[in-house]
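Engineer: Could you look at this predicted model? Sequence included:
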Amino acid sequence: MTIKLDELTRAVAGGAAAIRAVTRLESAGGPGDKVFPPTYVKDGRAETKYAVEKRHLEGREVLTVLLDSVASQANRMEEALLEGWRRKELSFPMVWVDFSGEDGLGDLEQISALQAPHRIADALLRDSVLNGTPFRETQVGKDFTESRVNHATGMYKHCPTALIFGVWDSTGPKGGLGAKFQRALVSEIVGIDVVAGVKTASRIDPAGIERKAGPVFVHKDSAEEWTIDKSEAAAEKGNPKEFSRKGAEGKGTPAALNHGNIPPSIDALAGGVTMSHAVQTTVLSLAALRRLRFPTTTTGAVISTDGRDAAETAARTALATLALAAMVYQRDNDYDLRSRSLLVAKGPLLFEMLGRDGGEAATFRLNRSEVAQLVSAAEQNARQHGLGWQRGPVELKPARKLADLIRASRRLRQAGDANADDQV
């Protein structure tokens, strides 16, 4: 069965501690097919570049690997919400920086608070302007900057998703004392009963170019890029400058040009894993939502003592519906985590309402249409209490200095393709 708005409202008001969804997954290739987790910098004791650890599961200790982190899952759910907003299936506040009219930066299109690494507190928004006014000096920026857990109306009005996924305005005018909200929605995907494998690599050059051919130099003419003729080479400290490229091996050799053979090799540090299955665990903390306080309406009026509980519950319920939408929409985007890491669900998305007394969990389901209706109804209810969301996107433009910085960075990267030594 689905869930009604009044049922969710009662849960948010104190009838439940959390809403949970646990989904069993397996490799799209079936049992025994290899999956490639994300890699991390290996420390001295680790045997792989993966986040491997032992966990207790069903009364036994099992070896697990992290397939998708909490931060990565949050990004996927934010992207799913953004898609729903762009299709006009979901309606909630949006703040973005529009690069579409900037010379040479149009490919960036719009970068929203759902895409920026630090959400509404990100430097991309900080270094942008609204009608010529720096973002922090606008009313939107001031509302967000002044937000805090016991006075969250400003953040709720302009960027409610930040109250769900968490944000810390550590680089704002208040420094470490800036707006800080914990994650209310947390998710991760973990592989269970894993066995590490190996990965092989090799390349045969059909032209038969040998590694010892050369040496290869940077050409005087940037359009030519490289040469093996010293007379045509660019000079560095009186000597021909050897060619190198970021990410390529063998400075001054054909390998830096991606020519030549690659001897067969075995990678035992990041060779993928096999597993019995994977599990996605997603938890929405209703307790975290209940910590958010809304003493004023979105117009700044003080909410009366008599109406405060109902108004705050309505706002928290609207946030809960947005979190449920993130879960539903992310599920419909499937589980193609990265190359050679496509997972498929082994059952429908099922929500569990976890009571505060530890009793039996009530279960419900939601599809896209149902959750979109739930979001709309919850927002309308909150609006009747003076806590409606900002309508329409807040469209910022990059400050000239930001646009210039991005262009300069692009020029540096382009130069780095030819010579990694130019990278700083």
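Structural biologist: Here it is on my side, so go on. Remember, it's a predicted structure, so these values are computed and weren't measured experimentally. Residues are numbered from 1 along each chain as shown.

Engineer: rest of the way, CA atoms for contacts and neighbours
Structural biologist: Fine.

Engineer: Tell me where the stretch 301-424 of the chain has strands.
Structural biologist: Under the criterion DSSP state E, counting those that start in this stretch, strands of the stretch 301-424 of the chain are mapped to 335-336, 342-345, 351-354, 362-364, 393-398.

Engineer: can you redo the ones you listed as a markdown table with distance to residue 219 and mean pLDDT?
Structural biologist: A markdown table is the format used below for these (distance: least, Cα to Cα, whole Å; pLDDT from 0 to 100):
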| stretch | distance to residue 219 | mean pLDDT |
| --- | --- | --- |
| strand 335-336 | 42 | 97 |
| strand 342-345 | 43 | 97 |
| strand 351-354 | 62 | 97 |
| strand 362-364 | 66 | 95 |
| strand 393-398 | 36 | 96 |
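
Engineer: export these to TSV and tack on distance to residue 160?
Structural biologist: Putting the strands of the stretch 301-424 of the chain into TSV (distance: least, Cα to Cα, whole Å) gives the following:
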stretch	distance to residue 160
strand 335-336	25
strand 342-345	29
strand 351-354	22
strand 362-364	24
strand 393-398	13
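
Engineer: right, so of these, which gets closest to residue 13?
Structural biologist: Among these, strand 351-354 comes nearest to residue 13, with 13.2 Å by Cα to Cα.

Engineer: for the closest one, packing partners?
Structural biologist: strand 18-27, strand 362-364 (3 or more Cα pairs under 8 Å, 6 or more residues apart in numbering; DSSP states H and E).

Engineer: which other residues reach it?
Structural biologist: If you take Cα atoms under 8 Å, 6 or more residues apart in numbering as the criterion, strand 351-354 is touched by 16-22, 360-365.

Engineer: Show me what that strand pairs with in its sheet, parallel or antiparallel.
Structural biologist: strand 18-27 (antiparallel), strand 362-364 (antiparallel) (DSSP bridges).

Engineer: got the contact list for the longest one?
Structural biologist: Residues from elsewhere that reach strand 18-27 (Cα under 8 Å, 6+ apart): 33-35, 276-287, 341-355.

Engineer: now these: which count as buried?
Structural biologist: Buried subset of the contacts of strand 18-27 (neighbour count, 16 or more other Cα atoms under 10 Å): 33-35, 276-287, 341-345, 349-355.

Engineer: In helices, which of these appear?
Structural biologist: For the buried ones among the contacts of strand 18-27, the ones inside helices are 286, 287, with DSSP state H as the criterion.

Engineer: Of the strands of the stretch 301-424 of the chain, which is nearest residue 71?
Structural biologist: Judging the strands of the stretch 301-424 of the chain by Cα to Cα, what sits closest to residue 71 is strand 335-336, at 15.3 Å.

Engineer: by contact count, what packs against that closest one?
Structural biologist: Using 3+ Cα pairs under 8 Å, 6+ apart as the contact definition, the elements that strand 335-336 packs against are strand 342-345.

Engineer: With only the CA atoms kept, save the strand it packs on in CSV.
Structural biologist: Output of strand 342-345 as CSV, limited to C-alpha atoms (Å, rounded to 0.1, in the frame of the first residue of the first chain):
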residue,chain,number,x,y,z
LEU,A,342,26.0,-2.3,-13.2
LEU,A,343,23.7,-3.8,-10.5
VAL,A,344,20.1,-4.8,-10.7
ALA,A,345,17.5,-4.9,-8.0
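
Engineer: Now do the helices in the stretch 51-200 of the chain.
Structural biologist: Assigned helices in the stretch 51-200 of the chain, in chain order: 70-86, 123-126, 139-145, 153-158, 160-165 (criterion: DSSP state H, counting those that start in this stretch).

Engineer: Export those as CSV, with columns for distance to residue 296.
Structural biologist: Conversion of those to CSV gives the following (distance: least, Cα to Cα, whole Å):
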stretch, distance to residue 296
helix 70-86, 27
helix 123-126, 25
helix 139-145, 12
helix 153-158, 7
helix 160-165, 15
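
Engineer: Could you identify which of the ones you listed is most buried?
Structural biologist: Per-stretch averages of neighbours, counted by mean count of other Cα atoms under 10 Å, single out helix 153-158 among the helices of the stretch 51-200 of the chain, with a mean of 26.

Engineer: Can you give the contact residues for that helix?
Structural biologist: So helix 153-158 is in contact with 93-95, 140, 143-144, 146-147, 162-163, 293-298, 387-390, going by Cα under 8 Å, 6+ apart.

Engineer: Nearest residue to the residue nearest to the spatial centre of the chain in space, please, no chain neighbours.
Structural biologist: Centroid-nearest residue in the chain, with Cα atoms, centre = their mean: residue 75, separated by 2.2 Å. Using Cα to Cα, 6 or more residues apart in numbering and skipping residues adjacent in sequence, the residue nearest residue 75 is residue 115, 7.3 Å away.

Engineer: now the residue of the chain positioned farthest from its centre: how far from residue 223?
Structural biologist: Computed with Cα atoms, centre = their mean, the residue of the chain farthest from its C-alpha average is residue 231, at 49.3 Å. Using Cα to Cα, to the nearest Å, one obtains 16 Å as the distance from residue 231 to residue 223.

Engineer: Same check on residue 298?
Structural biologist: As for residue 298, its distance to residue 223 is 57 Å (criterion: Cα to Cα).

Engineer: Which one of those two is surrounded by more residues?
Structural biologist: residue 298 (22 against 7; other Cα atoms under 10 Å).

Engineer: That one is in contact with residue 387, isn't it?
Structural biologist: Yes: under the criterion of Cα atoms under 8 Å, residue 298 makes contact with residue 387 at 5.4 Å.

Engineer: re the thing from before, deepest of the strands paired with strand 351-354, which one?
Structural biologist: strand 18-27 (a mean of 21).

Engineer: all strands of the stretch 101-250 of the chain, in order?
Structural biologist: 110-112, 128-130, 133-134, 167-168, 180-181, 185-192, 195-196, 199-203, 217-218, 226-227, 235-236, 239-240.
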